[in-house]
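>>> I would like the atomic coordinates for the input below:
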Amino acid sequence: MPNAHNRPHVFVAQADLPRVKTDAWLLPCDAGFHVLATWIPDYLRAGLRQRNTETFVLPVALFDEWTSGRRRTVRHDDWPGASMPWLTNVGGGKNYEVDWYLQAVTQFVEEASVWAKTNSKRSRPLLGVPAVGTGYGGQWDKKARIIDALFEHLLSLAELHDVDIVFTLFDPQSFAAAQLARKRRVDTAAVGWDLDSRLLSSATALAERAKHGGLVMFLGSGVSVGAGLPTWRNFLGELAQRAGLAEPQVQSLQNLDAMDAGSVVERYLGGREQLEEQTRDLLKTQECSLQHALIASIPHEAAVTLNYDTLYESASKAVVGQVAVLPQDRNPKAKRWLLKLHGCVERGDLVLTRKDYLRFGERRTALAGIVQALLITKHMLFIGFGMTDPNFLRILDDVRRSLGDVTNEKDLADPIGTVLMLNHDPLRNLLFDADLKMESMASPHAPDSARQLEIFLDLIAFKSASTTAFFFDPTYDALLTDTEREFRDSLDAIHAKFVDDPPGNVWEDFEKLMGK
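Prediction:
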C-alpha cells in the first residue's frame with residue numbers, strides 16, 4: 001500500500017480519452033467486440049471497415065470466458081496509437097444495474113495495473129477511464145447515478161492497486177457532475193490532495209482568478225514532455241543527431257545558445273526546408289499529456305505558447321470546440337484562442353535560428369503587444385516554461401517599464417503572473433519575484449515534482465469547475481435537491497410560455513442561461 005504522503009490520485013478532466021497519453025485506458029465495446037467509431041481518433045480511422053463501428057476479432061482462447069461474461073476486458077496489442085487500450089464490455093442496457101458496469105471497470109484496473117507497472121515510465125502508472133455506460137452503454141438517462149458511483153469506485157481501485165487514474169468526461173454537464181461527486185467525497189486537506197498548505201493556498205487563489213475570467217495560460221515545452229515530446233534542449237540534440245553530427249559535436253552544441261544551436265543544425269541538415277521537415281517529424285505525436293487535458297479543463301479564454309506542436313489545441317477542442325490560433329485565425333466566435341509566438345508545425349513560420357530570433361521584433365511586434373496586454377490586464381500562469389527565452393524576457397521587460405519598477409510590499413502582494421516550477425531555484429526567484437510569483441512543486445514527501453504539478457493543476461480545475469452545468473438536463477436530476485428541481489421546472493415553464501413570443505432583448509440572455 002502507498003504511504004500516507006504519496007497516495008494514488010484520481011484526476012478528473014473534460015477530455016477525449018483516446019487523445020490523452022496514458023499507460024493504459026478502457027476502450028468501451030459490447031459483447032460482440034464492436035467499438036463505436038467515435039472512440040477511434042481521426043488519424044487512426046483509415047482502417048475502419050464500417051461507417052459507424054469497428055468490429056475487432058475476439059481471441060479464440062477467450063471465447064468461452066467472454067461469451068459467458070466471466071471475462072469482460074482484454075488488452076488490444078495491435079492498437080496503432082501510443083497508449084495501450086483494453087477492450088472492455090460495457091455495452092449494457094437500461095435495465096442493467098450500476099454494479100454491472102463497475103465490475104467491468106474493476107476487471108480493467110486489475111489487469112491493466114499489473115501490465116502498466118511493468119511498462120510505465122511514470123513514477124506511478126496512469127490509467128484512463130471514461131464515464132462508461134452514460135452513452136450507448138445504456139444508462140444515458142441515469143448519468144448522475146453512474147458518474148457518482150463510478151467516481152467513488154475509482155477512488156477505491158486507485159488505492160487498492162496503487163495507480164493513478166484519470167477519469168475523463170466528454171461534455172461540460174458530465175464534467176460538472178463528476179466534480180460535484182468529488183466535492184462530496186474528497187477531503188481538500190493536504191493529505192487528501194497530497195499538496196502542502198502553501199500549494200493548496202496557491203491553487204485555490206488561481207482557481208478564483210479562473211472562475212472570474214482573470215487567468216491566462218502560458219505553456220512551455222515542459223507541458224508536452226508528458227506526451228512523449230522532448231524538452232527544448234533534447235529537441236535540439238535529436239535534431240543534431242539526425243543532421244549527422246558526431247557525439248562530441250552534439251555535446252558542444254549543448255553549450256551554445258539555443259538560437260545559435262538552431263542555426264548550426266539548420267546548416268548541417270541542408271537548409272530551412274529540411275529543418276522544418278525534421279521538426280514536424282519529431283513533434284508528430286497526436287496524444288496530449290495529462291497536463292494538457294487538465295489545463296484545458298480550467299476555465300480560461302486565452303493562452304500563449306512558444307511550442308510548435310498542436311497538443312493544446314487538441315486538448316481544448318474537447319472542452320470548447322475549435323481554438324482560434326493567432327496570428328492566422330481571427331475567429332471572433334471562438335470560445336478560446338491561442339497565440340503561437342514561435343510558429344506552428346502545421347503552419348510553418350517557425351522561430352528556430354538566430355536569424356529567426358533577430359527578425360522576431362520586426363515580424364511579430366503586434367503579437368508581442370498582445371502578450372504585453374495580457375500581462376497587464378490578466379494574471380498569467382506559466383507552466384512548463386523555464387523563463388529563459390530572450391523574446392519573452394524582452395516582452396516582460398517592456399511591461400516592467402510600462403508599469404514602473406515594482407519595489408514595495410503592496411505591489412509584491414499582487415504579481416502579474418505565477419510561474420509553476422518543478423524545483424526550487426532561489427537565484428531565479430531573485431530575478432523575478434518582484435513581478436512573478438515563483439511556485440515550486442518540490443516537496444520532501446513527494447519526490448516526483450512533475451506529478452505534483454499534475455495534482456496542482458487538477459486542484460485548480462476542481463476549485464474552478466462549475467457544478468451547475470447540468471442544471472437544466474433532466475438526466476442529472478439525481479444531483480438536484482427538491483428545491484432545485486422545483487426552481488428548474490419553474491424556469492422551464494416560463495420558457496415554454498414565452499418561447500413563441502419572446503419578451504424583448506432579455507430573452508437571449510435567458511436562453512443562454514438555460515443552455516438553449
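
>>> pLDDT score for the residue positioned nearest the centre of the chain?
Geometric centre of the chain, nearest residue: Ala293, 1.1 Å, by C-alpha atoms, centre = their mean. What the model reports for Ala293 is a pLDDT of 98.

>>> Show me what the helix or strand containing it is packed up against.
Per DSSP states H and E: Ala293 is located in helix 290-297. If you count contacts as 3 or more C-beta pairs under 8 Å, 6 or more residues apart in numbering; DSSP states H and E, helix 290-297 packs onto strand 10-14, strand 164-169, helix 222-225, helix 311-320, helix 449-464. Every C-beta, even on glycine, is put in place using the N, C-alpha and C of the backbone.

>>> what is the orientation angle of the second one with helix 290-297?
Interaxial angle, strand 164-169 versus helix 290-297 (axes from the mean of the first three to the mean of the last three C-alpha atoms, to 10 degrees): 30 degrees.

>>> Need the mean per-residue confidence for strand 164-169.
On average, strand 164-169 scores 97.

>>> and that strand, C-alpha only, in PDB?
These are the backbone C-alpha positions of strand 164-169, laid out as PDB (Å, rounded to 0.1, in the frame of the first residue of the first chain):
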ATOM      1  CA  ASP A 164      -3.200   7.000 -10.700                       C
ATOM      2  CA  ILE A 165      -6.400   7.200 -12.700                       C
ATOM      3  CA  VAL A 166      -7.700  10.000 -15.000                       C
ATOM      4  CA  PHE A 167     -11.500  10.000 -15.100                       C
ATOM      5  CA  THR A 168     -12.400  11.600 -18.400                       C
ATOM      6  CA  LEU A 169     -15.800  13.300 -19.200                       C
END
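
>>> average pLDDT across the helix or strand that it is followed by?
Using DSSP H and E, the helix or strand that follows strand 164-169 in sequence is helix 172-183. Taken as a whole, helix 172-183 has an average pLDDT of 91.

>>> And stretch 421-430, by the same measure?
The model assigns stretch 421-430 a mean pLDDT of 73.

>>> Val345: neighbouring residues, count only.
Val345 is flanked by 18 other residues according to other C-beta atoms under 10 Å.

>>> who's in contact with it?
276, 279-280, 283-284, 308-310 (C-beta atoms under 8 Å, 6 or more residues apart in numbering).

>>> next SSE after the helix holding Ala293?
That would be, after helix 290-297 and using DSSP H and E, strand 302-305.

>>> surely Ser449 meets Asn423?
Yes. Counting by C-beta atoms under 8 Å, Ser449 does reach Asn423; the two are 6.1 Å apart.

>>> between the two, who's got more neighbours?
Using other C-beta under 10 Å as the criterion, Ser449 and Asn423 rank with Ser449 on top: 18 against 8.

>>> Name all residues that make contact with that one.
Ser449 sits in contact with 422-423, 440-443, where contact means C-beta under 8 Å, 6+ apart.

>>> which residue packs closest to His161, ignoring adjacent ones?
Of all residues not flanking His161 in the chain, Ser113 sits nearest, at 4.1 Å (C-beta to C-beta, 6 or more residues apart in numbering).

>>> buried ones in the helix or strand containing the one you found?
Using DSSP H and E, Ser113 sits in helix 98-119. If you call a residue buried by 16 or more other C-beta atoms under 10 Å, then helix 98-119 has these buried ones: 98, 100-102, 104-109, 111-113, 115-116.

>>> quick check, nearest of these to Ser289?
Ala116 (16.4 Å; C-beta to C-beta).

>>> Just to check, the closest one is in contact with Ile165?
No. Shown here, Ala116 and Ile165 do not form a contact pair, counting by C-beta under 8 Å, at 10.8 Å.

>>> Report the set of residues contacting both of these two.
126-127.

>>> Which parts of the stretch 251-400 of the chain are helices?
258-269, 272-282, 290-297, 311-320, 354-358, 360-377, 390-403 (DSSP state H, counting those that start in this stretch).

>>> For the shortest one, enumerate the helices and strands it packs against.
This means helix 354-358. Using 3+ C-beta pairs under 8 Å, 6+ apart: helix 354-358 touches helix 258-269.

>>> one step back: distance from the helix holding Ala293 to the middle of the chain?
2 Å (C-alpha atoms, centre = their mean, to the nearest Å).
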